[in-house]
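Colleague: sequence first, predicted coordinates after that:
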Amino acid sequence: MYRRQGGAERAGRAHVRAYRRHRRERAAFPQLATHLRFCALAGHLDWGLDILAEQLPRLDHPHDDLSAMEFAAAGALLCGLAVEAGEGGRPVHRPGHGPRPAADMDVATLGAELLAMATELAGSFDARNGTGHQSGRIASWLAERPLPEAAPLPDEDAPDEWPDGPAAESEPAEDEPVPLSLSLLTAALDRRGEQYAVEPDGTVVGRWGEAVIQFRRLGRQGEILHARVVATRRLPADRLAEAYAFCNAWNHDRLLPAAYVHDPGDGALVLAADVTTDLAYGVAPVQLDVLVTATVSTGVAYAEAVAAQP
């Protein structure tokens, strides 16, 4: 997102800082597609292929089908651009899994396998949902092309301290519960490499695809983490019954987020959803990372389901 808005240097810092954490975190698998796409579109094909080769084993044990589809699609994009750049013959080792033997393959072959996997998973989603939404998303990813200028990357071995964030040693230990605070919340988003804004009342706002998500602290001591997801797609007011039916079905089938309809009276319905977590006994940074990741991933899924409505 930084890259698209012109913050090339900040984008590079965010990528390196976030990947340091995501590269070995099991719960961070859904974020790896973003790193691969960044490398593909920001002019770092070699580094992106190194990440792809390092993370390929995790594709055999994915977090879920959606993250597997996105990883495969991002990897296919990266490989396709590498082929166009003359690196299609670069060897990549893929470990064996189940009946599949370990093999050394070139980038072009790996890219074809990843494309087939992403396409198959997208087709499965669309068959279940009766739409072409996921297939369309994958096609749009594969059609992307690098931006004119590469985003500079900081030295990977540099200390994890940046001018726009606190020094690493000032942060609590990752497994040490501490009271929820605004700085703790923004640090969790920084570790993910996200772009966001902090409003005067302390509300943290960001956009992820079809979803605008607001994080705020509620309660007498600010101990409750509340997230409100708002889908950018709005429905005409005369479809109120359909909107209620959609939200009821979502709440019946999904644990998070809790969906509802808001009618502001301007002729268009807002479909929103909430996630609320009581952290009265504190929260460790590693736990907050999981909560933020879950909120973003489920919030995006909700907003995409709204966008897929006829």
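Modeller: Structure received. Numbers count the residues shown, from 1 in each chain.

Colleague: can you name the element that comes right after the strand or helix carrying A139?
Modeller: Counting by DSSP states H and E, the element that carries A139 is helix 133-142. Per DSSP H and E, the first helix or strand lying C-terminal to helix 133-142 is helix 182-191.

Colleague: ok, V107 to L49 distance?
Modeller: Distance from V107 to L49, counting by C-beta to C-beta, to the nearest Å: 7 Å. For every residue, glycine as well, the C-beta is placed using N, CA and C.

Colleague: quick check: phi and psi at A273.
Modeller: Dihedral angles of A273 (phi, psi; degrees, to the nearest 10) stand at phi -160, psi 160.

Colleague: which helices and strands sit right next to the lowest-mean-pLDDT helix or strand in the chain?
Modeller: Scoring the helices and strands of the chain by mean pLDDT, DSSP states H and E places helix 8-22 at the bottom, with a mean of 75. Other helices and strands packing on helix 8-22, by 3 or more C-beta pairs under 8 Å, 6 or more residues apart in numbering; DSSP states H and E, are helix 32-41, helix 182-191.

Colleague: can you count the residues close to R90?
Modeller: By the measure other C-beta atoms under 10 Å, the count of residues near R90 is 18.

Colleague: now do it against P99, distance only.
Modeller: As for R90, its distance to P99 is 26 Å (criterion: C-beta to C-beta).

Colleague: where in this structure is pLDDT low?
Modeller: Along the chain, segments meeting pLDDT under 70 span 1-8, 63, 150-151, 155-175.

Colleague: in it, which spans are helices?
Modeller: Assigned by DSSP state H, the helices in the chain fall at 8-22, 32-41, 45-59, 65-84, 107-129, 133-142, 182-191, 240-253, 285-307.

Colleague: with only the CA atoms kept, save the fourth one in CSV.
Modeller: This file holds the C-alpha atoms of helix 65-84, laid out as CSV (Å, rounded to 0.1, in the frame of the first residue of the first chain):
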residue,chain,number,x,y,z
ASP,A,65,-7.3,-22.5,1.6
LEU,A,66,-7.6,-18.7,1.1
SER,A,67,-4.0,-18.0,2.3
ALA,A,68,-2.8,-21.0,0.2
MET,A,69,-4.5,-19.6,-2.9
GLU,A,70,-3.1,-16.1,-2.3
PHE,A,71,0.5,-17.5,-1.6
ALA,A,72,0.3,-19.6,-4.8
ALA,A,73,-1.0,-16.7,-6.9
ALA,A,74,1.6,-14.3,-5.6
GLY,A,75,4.3,-16.9,-6.2
ALA,A,76,3.0,-17.4,-9.8
LEU,A,77,3.1,-13.6,-10.4
LEU,A,78,6.7,-13.5,-9.1
CYS,A,79,7.8,-16.4,-11.2
GLY,A,80,6.1,-15.0,-14.3
LEU,A,81,7.8,-11.7,-14.0
ALA,A,82,11.1,-13.5,-13.4
VAL,A,83,10.6,-15.5,-16.6
GLU,A,84,10.0,-12.2,-18.5
